[in-house]
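1. got a predicted structure plus its sequence, pasted below:
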Amino acid sequence: MKKIKIKLPDGAVREVESGTTLAEVAQAISRSLGKAALVAKVDGQVCDLQRKVEKDAKVKFLTFADEEGKAALRHSAAHIMAQAVKHLYKNVKIAIGPAITNGFYYDFDAENNFTPEDLASIQAEMERIIKEDIPIERMEMSREEAVRFFDGQGETYKVELIEGLPEDAVISLYRQGDFVDLCAGPHVPSTGRVKAVKLQSLAGAYWRGDEKRKMLQRIYGTAFEKKVELDAYLLMLEEAAKRDHRKLGREMDLFSIQDEGPGFPFFHPKGMVIRNELEAFWRKLHIKFGYQEIKTPIILSQTLWQQSGHWDHYRENMYFTQIDGEGYAIKPMNCPGGILVYRTQHHSYRDLPLRTAELGLVHRHELSGALHGLMRVRSFTQDDAHIFMLPSQIKEEIKGVIDLFNTVYSTFGLSYHAELSTKPEKAMGDDAVWELATTALKEALEDYGMSYKVNEGDGAFYGPKIDFHLQDSIGRTWQCGTIQLDMLLPEKFDLTYIGEDGQKHRPVMIHRVAYGSMERFIGILIEHYAGAFPTWLAPVQVKILPITDRHVAYAQEVAKLMQNSDIRVEVDDRNEKIGYKIREAQVQKIPYTLVIGDKEQESRSVAVRKRGQGDLGSRKVEMFIEDIGKEIDEKVNS
């Protein structure tokens, strides 16, 4: 029997007989790997473990810890759900059922309307199928055979999908017991590998997203390898529902979305306090890091967007108008405006790096179904910065940006991981420049001792990038910060500087955002803190509670002293019991509550209660003002 070589990610090489399955290779490496592997990547392609290896290959076994492993397990769960539905309900036609972020769904054409009660029955049948541990087997047919097979089963949606494939295509199907589905795969070896499932919700979905086609019923679910992981995820979802920024934003009177402006947020006074604090922090930090702030117009000429490439590649997401009979567009991005500012002057190599920053309002057309509170809107402010530099300055500038990002995210108690995306198949620019840029990004990350994931071929066509994924207080991740190297726009706009040799040269350009979108970042912070903002960010920092009417004058005197020290303070002088006032201040998530009665008035002090800690005892007013002022200045994250 012919021997072949399997090269593993750690460089080790295994010799196996040609025709050995990937499952057998994993088992031969170790029993634990054989048990944990769900699928494998062979020469870059993700495959089922039943696949036989016929020639020398690079192989990486993927577990639930890998994104491809999660996707395969959840895709298999979608097939199990379709099988369960077919078992329980007559005359059901199946459409599509992919894995998605954190779960899966399947679309059904069914005579009966599914209800939440049906989900419990479907899940119970799924669990029975999982317990049977049915092998999931790949089959292949010609296009003609596959059409005949699914047509015989009345699966019209599958027939339509197959008929859209080339005539000479080899069609893959997957069988698990009495259920066969059209699918490219890959899948886990058997239904028993899907250890824990939960069906979550119902929705309607037009076939192929076309509102002129039939509305199907979509069932969403999630799946995990272990029940403990599923339970933790469901607990996180419960906590996330409590922290929903739309709910808290309404309860705390921070912002609203009106019918007259769908996707265009209205910030209320308390929301503006948070926004202004974030902007003030941003400005102070950028001055410290050597940036100059600019402001560019919201509406710019159509010719500019044609030159930048947005007209050809982004037009469906833009808004337009006419001025003096000429075409104009509302900007969806700030970069062309920043480039025009650079071009207003001639630059020498001595001027570089030039760092310009802008809190720029942009507008992008989003479909109404995609809008989501502050997280997905049609107008938002990007904290853009554009850095123009010499090629030799790339590494140090990237390190400077990472240093700034570290300062921003640590201030809010947000940890993060970085992902580096490299040159895609279709890219512009010289390979040597790409190599220089990518190496500079890698070295900057490594100089920081920062672990990062490489997304091969996932960079923008104009340059490599680093994305920063923030982790909030309940473990969710959000993509916010981005550093992009751009080799396209300096060329398109003929940007130059005069080098030491007296000749014109092309600068390197970096685009970067720290918050990403001001609106989205505020939404993330609302959920991260569950509305309990640290003192420096809180819309109301101190609430003063006089016990009776005779204490109101002193309470107002204390409030005036605090206002003079730039502390945001309110006096609750309503004729209510003190216990009620304290509870209401707690509901409003006020950082500090000061109770004033006869004792405090006589001693010129206040009784301090701190959110989350309760009664801290009596303090002199001046001392309290000094301590809270220090907490605000240092931006203590609690």
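-> Cool, got the structure.
2. how far away is the nearest residue to Gln306 once chain neighbours are set aside from Trp305?
-> Leaving aside its sequence neighbours, Gln306 sits nearest to Asp312 (CB to CB, 6 or more residues apart in numbering; 7.5 Å). Every C-beta, even on glycine, is put in place using the N, C-alpha and C of the backbone. Separation of Asp312 from Trp305 (CB to CB, to the nearest Å): 9 Å.
3. again, but for Arg609
-> 55 Å.
4. find the nearest non-adjacent residue to Lys453, please.
-> Nearest non-adjacent residue to Lys453 (CB to CB, 6+ apart): Glu419, at 4.7 Å.
5. the one you found contacts Glu456, doesn't it?
-> No: contact between Glu419 and Glu456 fails when scored by CB atoms under 8 Å: they sit 11.1 Å apart.
6. of the two, which one has the most company?
-> Under the neighbour definition other CB atoms under 10 Å, Glu419 and Glu456 were set side by side, and Glu419 has more, 15 against 11.
7. shouldn't that one be within a helix?
-> No: counting by DSSP: H, G, I helix; E, B strand; the rest coil, Glu419 falls outside a helix, being strand.
8. hmm, back to that, who has more neighbours, Asp312 and Trp305?
-> Trp305 (23 against 9).
9. helix or strand right after the helix or strand hosting the more buried one?
-> Taking DSSP states H and E as the definition, Trp305 sits inside helix 302-308. Using DSSP H and E, the helix or strand that follows helix 302-308 in sequence is helix 310-313.
10. list the buried ones in that next one?
-> Across helix 310-313, burial judged by 16 or more other CB atoms under 10 Å covers 310-311.
11. again with stretch 572-579
-> Here stretch 572-579 shows 572-573 as buried, counting by 16+ other CB under 10 Å.
12. residues in contact with that stretch?
-> 543-547, 549, 552, 555-556, 581, 584-585, 595 (CB atoms under 8 Å, 6 or more residues apart in numbering).
13. for stretch 624-633, same thing?
-> Contacts to stretch 624-633, defined as CB under 8 Å, 6+ apart, come from residues 535-536, 541-542, 561-562, 565-567, 592, 594, 606, 608, 619.
14. now these as CSV including secondary structure, distance to Asp210 and neighbour count?
-> Formatted as CSV, these follow (DSSP: H, G, I helix; E, B strand; the rest coil; distance: CB to CB, whole Å; neighbours: other CB atoms under 10 Å):
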residue, secondary structure, distance to Asp210, neighbour count
Thr535, coil, 52, 23
Trp536, coil, 50, 18
Gln541, coil, 52, 23
Val542, strand, 56, 25
Leu561, helix, 65, 14
Met562, helix, 60, 20
Ser565, coil, 61, 13
Asp566, coil, 56, 10
Ile567, coil, 57, 19
Tyr592, strand, 56, 24
Leu594, strand, 60, 26
Val606, strand, 64, 26
Val608, strand, 62, 21
Arg619, strand, 66, 18
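15. out of those residues, which is nearest to Ala71?
-> Trp536 (41.1 Å; CB to CB).
16. that closest one against Arg568, yeah?
-> No: in this structure Trp536 lies outside contact range of Arg568 using CB under 8 Å: 10.0 Å.
17. how about stretch 259-270 as CSV, C-alpha atoms only?
-> Provided in CSV are the C-alpha atoms of stretch 259-270 (Å, rounded to 0.1, in the frame of the first residue of the first chain):
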residue,chain,number,x,y,z
ASP,A,259,-40.8,57.4,13.4
GLU,A,260,-40.0,60.6,11.6
GLY,A,261,-36.3,59.6,11.4
PRO,A,262,-35.8,55.8,11.3
GLY,A,263,-32.2,55.0,11.8
PHE,A,264,-31.4,58.6,12.8
PRO,A,265,-30.9,58.8,16.6
PHE,A,266,-32.1,61.7,18.8
PHE,A,267,-29.8,62.3,21.8
HIS,A,268,-31.6,63.6,24.9
PRO,A,269,-29.9,65.9,27.5
LYS,A,270,-28.6,63.0,29.6
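18. go through that stretch and flag the buried ones.
-> Within stretch 259-270, the residues scored as buried using 16+ other CB under 10 Å are 263, 265, 267-268, 270.
19. now the terminal residues of stretch 616-627, how far apart.
-> 13 Å (CA to CA, to the nearest Å).
20. just say helix, strand or coil for Glu145.
-> helix.
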